[in-house]
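>>> sequence and computational prediction follow.
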Amino acid sequence: MIEVPGWVILNFFTSFLLILLLIFQNKTSRLQSGRKYSAILVCTLVLLFSESIGRIGELHPDKYLFLAQIGYYMIFLLDPVDILFAVSYVDCWMANKNSKPRDYFRAAFQAFALINIILVTVSNILNLRWFYYFENNVYYRGEFFMVRAIMVMIFIVLLLIYAVVFRKDFMSEYKNMILFLPIFALIGAVLQVFLSSIDTTYGGISLGCLILFFFFQSNDVNVDYLSGVLNRRGLDIKMEEKIKNAQNFGKDFAAIMMDIDNFKTINDTFGHEEGDKAIKAVADIIAFTFDDAVAIGRFGGDEFCVITDNVSRIEIELMIERVRERIAKVRQKNGWDENVDVSCGYEIYNHNRKTTLSEFTEHIDSLMYNQKQEHHMVQKDG
């Protein structure tokens, strides 16, 4: 009877779990939080793969020592990066208040990850043996191995502290669930100290991600089920938050309303299934065009809204033009009516005017409608 090592079983099932989560995640959310969540999954998956090939190389050094060299280099390089992605994900669910203290906290994580990359790479290139090395085909821990291991453990603990200290900044519905990620990451890291034969750190992170997916990512009441961006409720919450920040701290922002022109022709010609695909395609284009700092939502039907801190009219109009160019390419590829496009209206919120949520959304919606009327007039004349 063949005896399978425990690390093989754990790594296989953990990798399988991460791949499934990545597949389902990419189908449910195109929000910034979804992209940050996917980054954790991908990074953990890469670390698991590196750990697996590293062990194979270590067990068969005569033939596959190069696998151990590659695998362990990737592990030492990316361990802190995985923690950094977790910090970035946790931060997605926080309001903008108290951002200064959080900025300092995040800067410490970023500095540690960057310094680690530099030191591990220098040690590897110059064969300084600081953290690990191979001699006579055998893996050894370097003189600073434990120092780095303790630092990684400290930063995992700090991830939990970060979530607890700034817990009041979480949007109310996310306060409790978000703690699962740092808690399980910490449990996995602690178990790793006592179970050196298997790597429980990545298993802990993966279990935290699984719980977040079932209770959080796939069941967020603020996400539109079809497009994967914010729904109307989520948009209203985000817009209200931006307005309060503008009125209290003078942080103006811009909002862009986008409506798909002649969307009905897609449904009439190709059916409602193709119409649903068009909604998803436009959501993808908007998410791809704008940076991670924006909030994107489906305002209703075939209408979308983008909320951004960028208050440069020139840059906003450039982004809108890029959206239209990319829609034109998709339109041509799918054979949609030549008049399928987007009409847009945008405005920069002026904190001095004390405009309410309903007044501001009605204003940008009317600007969008005006451009839609202009597009219809041009189509008739054409």
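Yep, that arrived.

>>> wait, Ser38 sits on Leu22?
Yes: judged on CB atoms under 8 Å, Ser38 makes contact with Leu22 at a distance of 6.2 Å. C-betas here are computed from N, CA, C, even on glycine.

>>> residue boundaries of the helices in the stretch 1-150 of the chain?
Taking DSSP state H, counting those that start in this stretch, the helices of the stretch 1-150 of the chain run over residues 6-28, 32-59, 61-92, 99-126, 145-165.

>>> tell me the phi and psi of Asn310?
As for Asn310, its main-chain torsions (degrees, to the nearest 10) stand at phi -70, psi 120.

>>> tell me how many other residues crowd it.
Neighbour count of Asn310, defined by other CB atoms under 10 Å: 16.

>>> also Leu114?
Other residues within reach of Leu114 by the criterion other CB under 10 Å amount to 13.

>>> how close does it get to Ala107?
10 Å (CB to CB, to the nearest Å).

>>> right, so of the helices of the stretch 1-150 of the chain, which gets closest to Asp291?
helix 32-59 (9.3 Å; CB to CB).

>>> counting by contacts, list what the helix or strand harbouring Ala281 packs against.
Assigned by DSSP states H and E, Ala281 falls within helix 272-289. Where contact means 3 or more CB pairs under 8 Å, 6 or more residues apart in numbering; DSSP states H and E, helix 272-289 is packed against strand 254-261, helix 263-270, strand 295-300, strand 303-308, helix 313-334.

>>> could you pull out the buried residues of the last one?
By that I understand helix 313-334. Residues of helix 313-334 classed as buried by neighbour count (16 or more other CB atoms under 10 Å): Ile316, Met319, Ile320, Val323, Arg324, Arg326, Ile327, Val330, Arg331.

>>> including distance to Ile156 and pLDDT, could those go into CSV?
Formatted as CSV, the buried residues of helix 313-334 follow (distance: CB to CB, whole Å; pLDDT from 0 to 100):
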residue, distance to Ile156, pLDDT
Ile316, 40, 94
Met319, 38, 93
Ile320, 42, 94
Val323, 40, 95
Arg324, 45, 94
Arg326, 40, 93
Ile327, 43, 94
Val330, 43, 93
Arg331, 48, 93
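
>>> with adjacent residues omitted, what lies nearest to the spatially most central residue of the chain?
The residue lying closest to the centre of the chain (CA atoms, centre = their mean) is Lys36, at 1.8 Å. Setting aside the residues directly before and after it, Lys36 is nearest to Tyr89 in space (CB to CB, 6 or more residues apart in numbering), at 4.1 Å.

>>> quick one: contacts for the one you found?
Residues near Tyr89 by CB atoms under 8 Å, 6 or more residues apart in numbering: Ser33, Lys36, Tyr37, Ala39, Ile40, Leu181.

>>> out of those residues, who's nearest Leu158?
Leu158 has its nearest neighbour among the contacts of Tyr89 in Leu181, at 13.5 Å by CB to CB.

>>> secondary structure class for the closest one?
At Leu181 the chain is in helix, as set by DSSP: H, G, I helix; E, B strand; the rest coil.

>>> pull the contacting residues for it.
Contacts for Leu181 (CB under 8 Å, 6+ apart) come out as Ile40, Ala86, Tyr89, Val90, Ala163, Ile205, Gly208, Cys209, Leu212.

>>> which of the residues you listed ranks first by neighbour count?
The most neighbours of any of the contacts of Leu181, using other CB under 10 Å, belong to Ile205, which has 31 neighbours.

>>> now it: how far from Val87?
Counting by CB to CB - Ile205 and Val87 are separated by 13 Å.

>>> try Val340
With CB to CB as the criterion, Val340 and Val87 are 41 Å apart.

>>> same check, this time on Lys372
For Lys372, the distance to Val87 - CB to CB - is 42 Å.

>>> compare those two (neighbour count), which wins?
Set Lys372 next to Val87 and count neighbours by other CB under 10 Å: Val87 wins out with 23 against 18.

>>> which one of the contacts of Leu181 is nearest to Val157?
Val157 has its nearest neighbour among the contacts of Leu181 in Ala163, at 11.1 Å by CB to CB.

>>> mark out where each domain of this protein begins and ends.
What automatic domain parsing lists as the domains of the chain is 6-219, 232-381.

>>> what sits against His376?
Asp261.

>>> so it, which of the three states?
Classification of His376 using three-state DSSP returns helix.

>>> over to Thr355?
What three-state DSSP gives for Thr355 is coil.

>>> for it, what are phi and psi?
Here is the backbone geometry of Thr355 (degrees, to the nearest 10): phi -70, psi 140.

>>> state the distance from the nearest residue to it once chain neighbours are set aside to Cys209.
Using CB to CB, 6+ apart and skipping residues adjacent in sequence, the residue nearest Thr355 is Tyr349, 6.7 Å away. Note on Tyr349: its distance to Cys209, by CB to CB, is 36 Å.
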